[in-house]
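Q: Sequence below, structure please.
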Amino acid sequence: MRTSPRTRTVVVGCTLLVTAIGAGATACGSGGNPLSAKPYDAADQISFNTPTGTGKKADPDKPLEVTAEGDERITDVTATDATGRYVAGELAADGSRWHSTSPLAADAHYTVRVSTEDEDGAPGRKTLTFDTSKPTAKKTLDVTFGPKAGEYGVGQPITADLNQPVKDKAQRAIVERALRVDSIPAVDGSWYWVDDKQLHFRPRDYWPVHATIQVHSNLEGIRISDGVRGGKAKPLKITTGDSVLGVTDASAHSMTVYKNGKVINTIPVTTGKPGFETRNGVKVVLEKQYFVRMRGTTVGIAEDSSDSYDLPVYYATRVTWSGEYVHAAPWSVGSQGYENVSHGCTGMNTSNAEWFFNTFRPGDVVKVVNSNGHEMEPFGNGFGDWNLAWTKWRTGSALTDGKQDVPQTDDADRLRPAAV
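A: Got it, this is the predicted structure:
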């Protein structure tokens, strides 16, 4: 889960100077413990790069800075805009200066709360407000989150599609920090840059059952590069249902289905024959279609070939964009449970296929083991995200140094049905 930034965490911008903070001021009250005194007004003089109260606005491309003079020291600074976005910053060890480390948004209203203490430990406080000017950038970086709102299986990744490419790692970091994913119950998760215009987010392990996941962007108005600022993004809310996992053992010609870690069905199947072997690995249900007309020509099989086919297929549950389904295959019932005769799909009798179709939803997990086929691709052919170990996944974030700094999780243990 991505938690809200701590008190010293912010967003990019203007130059704000708070000078002579409470020099010579004393705590309210007579005597006693100064730490229990009511905070006094800690600023006698405050100056911005653009004076307040004049209608002028601060430059969002300049950093926000707070300084203390005399015997005062800054103990904390919190800066937020009107939408609640925090500005990240650093406080000097001696408390003399605080400056922002993340960009401010353009055309935004900020509130800055400064806490101080004098040489006797008496607390001071000052609240400032300022506005930033409108953006001059001609382009906006817009974000579209996926999937659509609704209920999904525990394997469903979150996607973020950008309308502009972002190649520079520092710029990617600005974008990634602003894309927030909050889950109840909380999870340990991370974004992965699939390419310059798409990110995927997944937890370390599958989502918890019956979780609520909310996704939003804090990019609006934030400078990403020269001429490009963040645009608006529609937030997303999805939920998860029960954990449903189908494990197909291609060599045993059998699928075992687990619900919340318990076996609920075992189904005889047939998978890809030699030359058309079913991909090994973890796949996520993409969509379901009651009827699909399947042709060999759509997967590169010549129409006059002995492997050519043109069949009406029912109860088709799709797991790859290249055409791999779990579906009814009444023509191969005699081989189901005994041999692999398909062109890569997982076939079963019509009754079992209908049950599978009604039991699995998009986002549920289908795993294939002991096939002689290739491994499922992590990206580009559906959601193969779970085939990357967590340490590898973390290297796809712009917020890491590329090192695998998390202990390796063994895939066999991570994908154990009881852990789903």
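Q: following the helix or strand harbouring residue 351, which helix or strand shows up next?
A: Assigned by DSSP states H and E, residue 351 belongs to helix 350-359. Going down the chain from helix 350-359, the next helix or strand is strand 365-369, by DSSP H and E.
Q: can you list contacts of that following strand?
A: Outside of strand 365-369, the residues within contact range by Cβ atoms under 8 Å, 6 or more residues apart in numbering are 153-155, 206, 244-250, 271, 278-285, 317, 319, 326, 346, 360, 376, 386, 415, 420. Any C-beta I mention is one placed from the backbone N, CA and C, and that applies to glycine too.
Q: any weak-confidence spans in this protein?
A: Applying pLDDT under 70 to the chain flags the ranges 1-37, 39-55, 137, 295-310, 402-420.
Q: could you pull out the helices for it?
A: Ranges of helices in the chain, per DSSP state H, are 169-178, 350-359, 390-394, 411-414.
Q: returning to that earlier point: give the buried subset of the contacts of strand 365-369 as a PyMOL selection command.
A: A single PyMOL command selects the buried members of these (16 or more other Cβ atoms under 10 Å):
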select buried, resi 153+154+155+206+244+245+246+247+248+249+250+271+278+279+280+281+282+283+284+285+317+319+326+346+360+376+386+415+420
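Q: any chance of the helices of the chain in a markdown table, with distance to residue 91 too?
A: Listed next are the helices of the chain as a markdown table, based on distance: least, Cβ to Cβ, whole Å:
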| stretch | distance to residue 91 |
| --- | --- |
| helix 169-178 | 19 |
| helix 350-359 | 55 |
| helix 390-394 | 29 |
| helix 411-414 | 40 |
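Q: any chance of those helices in JSON lines, with mean neighbour count and distance to residue 193 too?
A: Formatted as JSON lines, those follow (neighbours: other Cβ atoms under 10 Å; distance: least, Cβ to Cβ, whole Å):
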{"stretch": "helix 169-178", "mean neighbour count": "18", "distance to residue 193": "6"}
{"stretch": "helix 350-359", "mean neighbour count": "18", "distance to residue 193": "34"}
{"stretch": "helix 390-394", "mean neighbour count": "19", "distance to residue 193": "11"}
{"stretch": "helix 411-414", "mean neighbour count": "12", "distance to residue 193": "22"}
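Q: just so I know, which of the ones you listed lies nearest residue 102?
A: Proximity to residue 102 (Cβ to Cβ) singles out helix 169-178 among those, at 7.1 Å.
Q: quick one: contacts of the closest one?
A: 102-103, 141, 162, 166, 191, 193, 199, 217-219, 222-225, 230, 397-399.
Q: Using CSV, write down the CA coordinates of that helix.
A: Extracted C-alpha coordinates of helix 169-178, given in CSV (Å, rounded to 0.1, in the frame of the first residue of the first chain):
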residue,chain,number,x,y,z
LYS,A,169,14.7,8.1,-15.1
ALA,A,170,14.4,11.3,-13.0
GLN,A,171,11.2,12.3,-14.9
ARG,A,172,9.9,8.8,-14.5
ALA,A,173,10.5,9.1,-10.8
ILE,A,174,8.3,12.3,-10.7
VAL,A,175,5.6,10.4,-12.5
GLU,A,176,5.8,7.3,-10.4
ARG,A,177,5.8,9.1,-7.1
ALA,A,178,2.5,10.8,-8.1
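Q: returning to what we had before: ok, of the contacts of helix 169-178, which come out buried?
A: 102-103, 141, 162, 166, 191, 193, 199, 217-219, 222-225, 230, 397-398.
Q: Can you get me a residue count around residue 118?
A: By other Cβ atoms under 10 Å, 23 other residues sit near residue 118.
Q: who's the residue nearest to residue 337 when sequence neighbours are not counted bridged to?
A: Spatial nearest neighbour of residue 337, excluding adjacent residues (Cβ to Cβ, 6 or more residues apart in numbering): residue 268 at 3.0 Å. Counting by DSSP bridges, residue 268 is bridged to residue 254.
Q: which residues in the stretch 51-200 of the chain form strands?
A: With DSSP state E, counting those that start in this stretch as the criterion, the stretch 51-200 of the chain has strands at 65-67, 73-81, 87-91, 97-100, 109-117, 123-131, 139-141, 143-146, 150-152, 158-162, 179-184, 189-195, 198-203.
Q: partners of the third one in the sheet?
A: Partners of strand 87-91 in the sheet, by DSSP bridges, are strand 9-10 (antiparallel), strand 97-100 (antiparallel).
Q: Tell me which residues of it come out buried.
A: 87, 88, 89, 91.
Q: circling back to that earlier point, touching the helix holding residue 351 from outside, list them.
A: Around helix 350-359, the neighbours that count as contacts under Cβ under 8 Å, 6+ apart are 244, 246, 257, 264-265, 267-268, 288, 290, 314-317, 326-330, 348.
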